[in-house]
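*Asks:* Sequence below, structure please.
(3 chains)
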Amino acid sequence: MANNTSHTTEYKVLGRILVLLMFMTFLTISVTSFNLGAFSVTVALLIACFKAFMVLSYFMHLKYESLLLRILVGMVFVLFAVIVLITFIDYAYR
Amino acid sequence: MSETQHHPEVHRDDEAKKLGMWLFIFTELLLFGGLFLVYSIFRAEYPTSFRESSLELSVTIGAINTIALLFSSMTVAMALTAMQKGNKKLAMQLIGVTLLMAFVFLVNKYFEWGHKFEMGLYPGSELMKHLDRGHLLYFSLYFFMTGLHALHIIIGMVLLFISLFKVKSGNVHSQNYSFLENGALYWHLVDLIWIFLFPLMYLIS
Amino acid sequence: MSKATEKIEYVSYLDHQSKYKGIFAWIFATDHKRIGLLYMYAIAAFFVIGAFLGLAMRIELIAPGETIMKPQTYNGIFTVHGIIMIFMVVIPGLSAVFGNFFLPILIGAKDVAFPKLNRFSWWIFMVGSAMAVASQLLKSGPPDTGWTFYAPYSTTTGTNVIMATTAAFVLGFSSILTGLNFIVTIHQMRAPGMKFFNMPLFPWAIYATAWIQLLATPIIGITLVMLIAERLFGIGFFDPALGGDPLLYQHLFWIYSHPAVYVMILPAMGVISEIIPTFCQRKIYGYKAIALSSLAIAGVGFLVWGHHMYTSGMSENARWFFSLLTFIVAVPSAIKVFNWLATMYKGSIDMQPPFLYALEFIFLFIIGGTTGLILGSVATDVQVHDTSFVVAHFHYIIFGGMGFAFFAAIHYWLPKMYGRMYNLKRAKILSVVIFVGFNLLYFPQFIIGIQGMPRRYYDYLPQFQWAQVISTIGGFILVAGLLAMISNLIMGVRKGEIAPANPWQGSTLEWQIPSPPSLENFDEEIEIKENPYDYK
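*Replies:* Sure thing, here's the model as predicted:
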């Protein structure tokens, strides 16, 4: 029986991640206030993905979980991305 | 039923509970995923209306809410760390801070929505019916997505409240913290969704 | 209490006394076997209702023009038939009944990972079902949209669409929780020594199914909520009159509902993969190929939804793309069929009722599958879309596939579930009657479908009458056969001979324990085999 095998993340690490996330929030607000055209949504999404990755890895301890769970989480995001892409095969060419 | 009749040493499998929570988070992600798909299609169809509509939202309020959620996400993660280290008092304080931040978020949201309602912008209102397509879809999606998100905030708060009482009564302790761990996971999910909602709703240029 | 001194007396799960009495010992049961039976009784009742609704449609169609009902009644009946059969019978069917009952036993576990959640799933299944039934009876009249709730009609019709969609939402939630429970069970509860590739094939199929339930159902959930919001607030996501996009609804609907087809058929394939080696007394051919093809079907099955929409006005590129993927998804299904046939080769075949049903399954599944390819290629689909050809195709897959697999499973496992045997000879005869009735009912629909008989119409041109008459006769034979089969099974449960623990000489774990199993399934040490189908 595997009990309490969860990783303990130090306060210091969590604090640093928060600072990083705050910085990225600031960054995304300032970047999108310039008009970068089509790039602005790409940049905003990339930053959001990075933030999500940080939350998943450190706050949700995924970095220290089994490979299986990490693969499963990745799979869910990939599945969603593929579904969006396929839907746009229809919308982009209509 | 008497599941534990034949084996007095109570079977406990925290790994199973954690995996179960993750699987539930997957379904929540895809629930919002459906909405993000709809959003992306309509945004591609009505880019200018979406940008114009988004100007109605206050980036400041959105940013404050983002910071509140990120901060609460950290404090709940810290609460778990404190629990793992056996620091009950600190854990309770940190959960308390998390709940406070969640409350701040909801109050903020209340005023944000309230402002829209005063302007006559709410689902089914007369004004909404006279908006053009892109604006109508943007505000419909805005209410739909942030509303569903707020509902998840409330569910997360309930889970954290229960965790708080469980920590207090000693049901959750340094050897058995899986309830708090799963509550925290759920709370991070709420944060995770907001990380995407914020740039997509408030920051369109 | 140490294992050595502990001597557990055998009490079957049916006789086990809990703190609840009478009917509450069932409603509040957390035992996976009792929950499986609860699902079975509910689903059997819904199935009979659905079958009679189907028969009513067949009677209406025996002659052109109005026969026994008005057009609006017909619209209501085919919708209700669809909602009941899809959401309340076929989707939960195999996984909730036999998955619950046999998944833990087949992997050597005492129960599922979350027994209370399992009980909760059944409760909300019943709540959802009650709402679905209520939607038929409430004042505004039964929904008349078809089970697909296509917009924009579903956003404007005055019937009880909101109640029906809410019911589907609640049923979906039950399905999600069941899937979640099974995935965790398979990951965490396998008996020591049982690796993934020592699992029998039914758990493999349930595993793949559970992933689909978990990941696809939320999409329909949110879609139905959007549909409800659209009706309540006139938002215009889907209604073109408000500038919305009805194709978007179809996309979202089929992103769930196509994978849902695999929720129906994958456990059926799993059942067949259990039955064939037992009655051939032969190791299954290509164990890994069958196991992994379940996952392949689940994976690719997520990406083919657009083949339901060839004629809806999708872009040209999307059409060929979905068509290509549809042909790819046929490959793993075909792999399974070849492996079953190869298992039979040189086996010592014992023609018992479960095996008979399994053979009928393969026959019907091949017809359903190959006609599926006709629908999967764009050029031919345009000809037969929305005709009774489609109706025949999906009944061959869903009823001929999942339905016959369900009959095979109940005939296979009934002696284990109740410890009694039904009348074998009668079961064999009835199996043939049902098979004949089924083909008489649905095969003519292929022919008139190609000739242009539209689906969902209560009226038709006189030239189609010959086929409709044959179909209706087949319908009567089928329903009579089904009722006789059910009564044969009930008589078996009540007064049948006491069944031995292993009546079919099966090799998987459920046959190593007494019939019916005890509360915790395994009172003694069990032997985990390298390959679960270890014959000779």
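*Asks:* I'd like to know the average pLDDT value across the helix or strand containing C:Trp122.
*Replies:* C:Trp122 belongs to helix C:115-137 when assigned by DSSP states H and E. Across helix C:115-137, pLDDT averages out at 94.
*Asks:* That one near chain B at all?
*Replies:* Yes: judged by C-beta under 8 Å from any C-beta of the partner chain, helix C:115-137 and chain B are in contact via C:115, C:117. All C-beta atoms are positioned from the backbone trio N, CA, C, and that covers glycine.
*Asks:* elements contacting the next helix or strand after that helix?
*Replies:* Per DSSP H and E, helix C:115-137 leads on to helix C:153-156 as the next helix or strand towards the C-terminus. On a contact count with 3 or more C-beta pairs under 8 Å, 6 or more residues apart in numbering or on different chains; DSSP states H and E, helix C:153-156 meets helix C:201-233.
*Asks:* I'd like the mean pLDDT over the helix or strand just after the helix it packs on, please.
*Replies:* Remark: after helix C:201-233, the chain's next helix or strand is helix C:246-280, criterion DSSP H and E. Computed over helix C:246-280, the mean pLDDT rounds to 95.
*Asks:* Likewise for stretch C:489-503?
*Replies:* Averaging pLDDT along stretch C:489-503 yields 94.
*Asks:* now the helix of greatest length in chain A and helix C:246-280, what's the angle there?
*Replies:* Looking across chain A with DSSP state H, the single longest helix is helix A:67-93. Here helix A:67-93 runs at an angle of 140 degrees relative to helix C:246-280 (axes from the mean of the first three to the mean of the last three C-alpha atoms, to 10 degrees).
*Asks:* buried ones in helix A:67-93?
*Replies:* A:69, A:72-73, A:76-77, A:79-80, A:83, A:86-91 (16 or more other C-beta atoms under 10 Å in any protein chain shown).
*Asks:* Now render those as CSV, adding distance to B:Arg133 and pLDDT.
*Replies:* Shown next, in CSV, are the buried residues of helix A:67-93 (distance: C-beta to C-beta, whole Å; pLDDT from 0 to 100):
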residue, distance to B:Arg133, pLDDT
A:Leu69, 42, 94
A:Leu72, 39, 95
A:Val73, 36, 96
A:Val76, 32, 95
A:Phe77, 31, 95
A:Leu79, 30, 96
A:Phe80, 26, 96
A:Ile83, 24, 96
A:Ile86, 25, 94
A:Thr87, 19, 94
A:Phe88, 20, 94
A:Ile89, 23, 92
A:Asp90, 19, 92
A:Tyr91, 16, 92
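*Asks:* and which of those residues is nearest B:Lys18?
*Replies:* A:Leu69 (8.4 Å; C-beta to C-beta).
*Asks:* Which pLDDT value belongs to the residue nearest to that closest one when sequence neighbours are not counted?
*Replies:* Excluding the flanking residues, the one nearest A:Leu69 by C-beta to C-beta, 6 or more residues apart in numbering or on different chains is B:Trp22, at 6.3 Å. You'll see B:Trp22 listed with a pLDDT of 96.
*Asks:* Surely B:Trp22 and B:Tyr186 touch.
*Replies:* No: counting by C-beta atoms under 8 Å, B:Tyr186 is not a contact partner of B:Trp22; they are 10.4 Å apart.
*Asks:* ok, how many other residues are close to the spatially closest residue to C:Leu303 that is not a sequence neighbour?
*Replies:* Using C-beta to C-beta, 6+ apart and skipping the chain neighbours, the partner closest in space to C:Leu303 is C:Leu325 (5.3 Å). The number of residues packed near C:Leu325 is 19, by other C-beta atoms under 10 Å in any protein chain shown.
*Asks:* what's near enough to touch C:Leu325?
*Replies:* With C-beta atoms under 8 Å, 6 or more residues apart in numbering or on different chains as the criterion, the residues that contact C:Leu325 are C:300, C:303-304.
*Asks:* got it, and C:Leu214?
*Replies:* B:23, B:26-27, C:176, C:179-180, C:183.
*Asks:* how close does it get to C:Met126?
*Replies:* 21 Å (C-beta to C-beta, to the nearest Å).
*Asks:* contacting residues for C:Pro332?
*Replies:* Contacts of C:Pro332 (C-beta under 8 Å, 6+ apart): C:293-294, C:296-297, C:300.
*Asks:* Tell me the one among these nearest to C:Gln512.
*Replies:* Of the contacts of C:Pro332, the one sitting nearest to C:Gln512 (C-beta to C-beta) turns out to be C:Ser294, at 24.2 Å.
*Asks:* how about the strands in chain C?
*Replies:* C:420-421, C:497-498 (DSSP state E).
*Asks:* what's the most buried one of these?
*Replies:* strand C:420-421 (a mean of 18; mean count of other C-beta atoms under 10 Å in any protein chain shown).
*Asks:* in its sheet, what does that strand sit against?
*Replies:* Looking at strand C:420-421 with DSSP bridges, its partner strands are strand C:497-498 (antiparallel).
*Asks:* now the strand it pairs with, how far from the centre of its chain.
*Replies:* 29 Å (C-alpha atoms, centre = their mean, to the nearest Å).
*Asks:* Same question for stretch B:133-146.
*Replies:* 19 Å.
*Asks:* And the contacts of that stretch?
*Replies:* Outside stretch B:133-146, the residues that reach it (C-beta under 8 Å, 6+ apart) are B:32, B:35, B:38-39, B:42, B:45-46, B:48-50, B:52-54, B:57, B:109, B:113, B:116, B:121-123, B:128-129, B:131, B:197, B:201, C:226, C:229, C:233, C:235-237, C:242-244.
*Asks:* Would you mind listing the buried residues in that stretch?
*Replies:* B:134-146.
*Asks:* circling back to that earlier point, any chance of JSON lines for the contacts of C:Leu325, columns distance to C:Gly193, neighbour count and pLDDT?
*Replies:* Output for those, formatted as JSON lines (distance: C-beta to C-beta, whole Å; neighbours: other C-beta atoms under 10 Å in any protein chain shown; pLDDT from 0 to 100):
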{"residue": "C:Val300", "distance to C:Gly193": "32", "neighbour count": "17", "pLDDT": "93"}
{"residue": "C:Leu303", "distance to C:Gly193": "36", "neighbour count": "21", "pLDDT": "94"}
{"residue": "C:Val304", "distance to C:Gly193": "38", "neighbour count": "25", "pLDDT": "94"}
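*Asks:* check contacts around the residue lying closest to C:Ile275 once chain neighbours are set aside.
*Replies:* Excluding its sequence neighbours, the residue lying closest to C:Ile275 (C-beta to C-beta, 6+ apart) is C:Ala358, at 4.6 Å. C:Ala358 makes contact with C:271-272, C:275-276, C:279, C:340, C:405, C:408, according to C-beta under 8 Å, 6+ apart.
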